[in-house]
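Colleague: Please work out how this folds:
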Amino acid sequence: MTATSSSRINRQILHIAVPAIISNITVPLLSLIDISIVGHLGSASYIGAIAIGGMLFNMIYWLFSFLRMGTSGLTAQAYGMGNTNESMRILTRSLTISLLMAAVLILLQYPIRLLAFELIDASEEVQRYAMTYFHICIWGAPAVLGLYSFSGWFIGMQNSKSPMYIALIQNLVNIGGSLCFVYVLDMKVEGVAWGTLIAQYAGLLMAILIWKFHYKQLHSQISFQGILEKSSMKRFFQVNRDIFLRTLCLVSVTVFFTSTGAAYGDVTLAVNTLLMQLFTLFSYIMDGFAYAGEALTGKYIGAQDRQNLHQTIRQLFNWGIGLALAFTLLYGIGGEGFLQLLTNEENVIKASQTYFLWALAIPLSGFSAFLLDGICIGATITSVMLRGMAAATTGFFAVYFITHDTLGNHSLWMAFITYLLLRGIIQGIWIRKYLP
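Modeller: Okay, here's the model as predicted:
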């Protein structure tokens, strides 16, 4: 690969990755803003209600993230083929399914609430406020799931700037709306919920406006004819089925890690929570490069450009290795200082030193899993991603249950690092059989 070719590929990667990273970083701001607003209202019950409500919606919407990822890979391939008719059919198909699923969530909101709050151990007052938050914010499901479809489509069209602008606007509307409802109209938890709901629809409206004005040349190609065509629907649901099942595995590991850490005591739970922030920070960066993998892999497979496809994959891994080494060094030098920014509890900081080496292993053990997820999505070989995740999840639970009697919380971290490694290794082996 020539220097000119390498430079061109790197520019394409960064063109998608950097706005995606900015978008990722803004995601936790929505819940952080809500918590900070109710945190000054004089009752811990408000904070607990927003925390529980936010967690519940995160879990629900996480399971529907396949709408974004599946749409991204299919759209990128259509873009690479220059098939704008198909790219519009994919958007129309994805939006139709998103709105149908949102309608189901709204219709089933009471059974969902009953099931969720049976599993949540909180005071009666916190549950009452959380239910209020839930029944207002559930009406945002069409906006959230619709935005998944638009975001996936924009990325597939090699445009990650639009999701970034949408995320920024959502945060601004959420801040303004929540402050107005809470401090001007004195609406407490209801005010925060309404601020969040309005911000979600503001994001959807902006996505529609971007599509309307930036892609006006495609408007004439909107057609519902063919969106329910059997082979296309089969492919759409096969891709999204694999991603959905993969997400279930991911959720099971995340929930088990948190709940099992809690069983080791409050200090250990706090330590695990803080150290996992190092993983979260790294994941925001690597997800940006995974998005680049989705968009560019799909584009070059659609264009049947094998040379640029393999050059892109090599450059993605060059970025991944470089970032993993940089984060390992950064955490090694400043990790403890970062933890001190998050808490001033000396016993928690001291206890974290016992497990800090596991956190240092996260970047090098995990970077390839992120990149290969993106490549698999772009290539729509999601069965490879599912196999890797299923094997890694099995490895996670096997390592923990074999070692937890003797290693305690160390076994949890050993299982998590094994899980990250297995995802990358198994996907790396299988993907060679499917890529052109």
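Colleague: what does the average pLDDT come to for the helix or strand harbouring D287?
Modeller: Per DSSP states H and E, D287 falls inside helix 266-302. If you average the pLDDT over helix 266-302, you get 86.
Colleague: Tell me which helix or strand comes right after that helix.
Modeller: Downstream of helix 266-302 (by DSSP H and E), the next one is helix 306-342.
Colleague: circling back to that earlier point, the helix holding D287: which residues count as buried?
Modeller: Neighbour-count burial for helix 266-302 flags 268-272, 274-276, 278, 282-302 (criterion: 16 or more other C-beta atoms under 10 Å). For every residue, glycine as well, the C-beta is placed using N, CA and C.
Colleague: cool, and stretch 355-368?
Modeller: Within stretch 355-368, the residues scored as buried using 16+ other C-beta under 10 Å are 355-356, 358-368.
Colleague: Give me the residue ranges of the stretch 301-436 of the chain where confidence is low.
Modeller: For the stretch 301-436 of the chain, residues meeting the criterion pLDDT under 70 lie at 335, 339, 341-345.
Colleague: One more pass at 90, please.
Modeller: The stretch 301-436 of the chain contains residues with pLDDT under 90 at 305, 330-359, 380, 382, 404-410, 432-436.
Colleague: same question for stretch 134-151, mean pLDDT?
Modeller: Averaged across stretch 134-151, the pLDDT comes to 92.
Colleague: For that stretch, which outside residues touch it?
Modeller: 53, 56-57, 61, 64-65, 67-68, 71-72, 91, 94-95, 97-99, 101-103, 105-106, 109, 112-113, 116, 163, 166, 190, 193-194, 196-197, 200-201, 203-204, 207-208, 211 (C-beta atoms under 8 Å, 6 or more residues apart in numbering).
Colleague: Helices of the stretch 151-300 of the chain, start to end?
Modeller: With helices called from DSSP state H, counting those that start in this stretch, the stretch 151-300 of the chain shows them at 161-179, 188-214, 230-263, 266-302.
Colleague: ok and the first one relative to helix 188-214, angle-wise?
Modeller: Read it as helix 161-179. On the basis of axes from the mean of the first three to the mean of the last three C-alpha atoms, to 10 degrees, helix 161-179 is oriented at 150 degrees to helix 188-214.
Colleague: tell me what helix 161-179 is packed against?
Modeller: Where contact means 3 or more C-beta pairs under 8 Å, 6 or more residues apart in numbering; DSSP states H and E, helix 161-179 is packed against helix 3-38, helix 141-156, helix 188-214.
Colleague: Out of the ones you listed, which is closest to T260?
Modeller: Closest approach to T260 among the helices and strands packed on helix 161-179 (C-beta to C-beta): helix 3-38, 23.1 Å.
Colleague: Name all residues that make contact with E336.
Modeller: Taking C-beta under 8 Å, 6+ apart, one finds I349, S352, Q353, F356 in contact with E336.
Colleague: Next, format those residues as JSON lines and append secondary structure and distance to N159.
Modeller: As requested, the contacts of E336 are exported to JSON lines (DSSP: H, G, I helix; E, B strand; the rest coil; distance: C-beta to C-beta, whole Å):
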{"residue": "I349", "secondary structure": "helix", "distance to N159": "43"}
{"residue": "S352", "secondary structure": "helix", "distance to N159": "40"}
{"residue": "Q353", "secondary structure": "helix", "distance to N159": "44"}
{"residue": "F356", "secondary structure": "helix", "distance to N159": "39"}
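Colleague: Please pick the buried ones from those residues.
Modeller: I349, S352, F356.
Colleague: about what we covered before: what's the closest of the helices of the stretch 151-300 of the chain to A415?
Modeller: When the helices of the stretch 151-300 of the chain are compared by C-beta to C-beta, helix 230-263 sits nearest A415, at 8.2 Å.
Colleague: Next, the buried residues of the closest one.
Modeller: Those would be 232, 236, 239-240, 242-247, 249-250, 253, 256-257, 260-261, for helix 230-263 by 16+ other C-beta under 10 Å.
Colleague: Where does the closest residue to L278 other than its chain neighbours fall, secondary structure wise?
Modeller: Counting by C-beta to C-beta, 6 or more residues apart in numbering, L278 lies nearest to A359, which is 4.9 Å off, once chain neighbours are set aside. Assigned by DSSP H and E, A359 belongs to helix 346-360.
Colleague: Check which helices and strands that helix sits against.
Modeller: For helix 346-360, the elements it packs on are helix 266-302, helix 306-342, helix 409-431, judged by 3+ C-beta pairs under 8 Å, 6+ apart.
Colleague: Now with 6 Å, please.
Modeller: Contacts defined by 3 or more C-beta pairs under 6 Å, 6 or more residues apart in numbering; DSSP states H and E place helix 346-360 against helix 266-302, helix 306-342.
Colleague: Is it possible to get TSV of these that adds distance to W153?
Modeller: Shown next, in TSV, are the helices and strands packed on helix 346-360 (distance: least, C-beta to C-beta, whole Å):
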stretch	distance to W153
helix 266-302	11
helix 306-342	20
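Colleague: so which of the ones you listed gets nearest L435?
Modeller: Among the helices and strands packed on helix 346-360, the nearest to L435 by C-beta to C-beta is helix 306-342 (7.3 Å).
Colleague: and that closest one, which residues are buried?
Modeller: Result for helix 306-342 [16+ other C-beta under 10 Å]: buried residues 308-309, 311-313, 315-317, 319-320, 323-324, 327-328, 330-331, 335, 339.
Colleague: ok, residues contacting stretch 358-373?
Modeller: With contacts defined as C-beta atoms under 6 Å, 6 or more residues apart in numbering, stretch 358-373 is touched by 275, 278-279, 282, 286, 290, 293, 316, 320, 324, 327-328, 331-332, 385, 413, 417, 420-421, 423-424, 427.
Colleague: State the pair within the contacts of E336 that is farthest apart.
Modeller: I349 and F356 (10.1 Å).
Colleague: next SSE after the helix holding A359?
Modeller: Next element after helix 346-360 (DSSP H and E): helix 362-379.
Colleague: Skip the chain neighbours and tell me the closest residue to Y419.
Modeller: Nearest-residue entry for Y419: F396, 3.9 Å, with adjacent residues in sequence omitted and distances by C-beta to C-beta, 6+ apart.
Colleague: again, but for M286
Modeller: F370 (3.8 Å).
Colleague: thinking again about what came up before, tell me the angle of the helix holding D287 relative to helix 409-431?
Modeller: 10 degrees.
Colleague: so how far is helix 266-302 from its chain's centroid?
Modeller: Distance of helix 266-302 from the chain centroid (C-alpha atoms, centre = their mean, to the nearest Å) equals 8 Å.
Colleague: Counting by contacts, list what that helix packs against.
Modeller: helix 3-38, helix 66-81, helix 230-263, helix 306-342, helix 346-360, helix 362-379.
Colleague: Against which helices or strands is the second one packed?
Modeller: When you say that, I think you mean helix 66-81. Using 3+ C-beta pairs under 6 Å, 6+ apart: helix 66-81 touches helix 84-107, helix 141-156, helix 230-263, helix 266-302, helix 362-379.
Colleague: Alright, that wraps it up for me.
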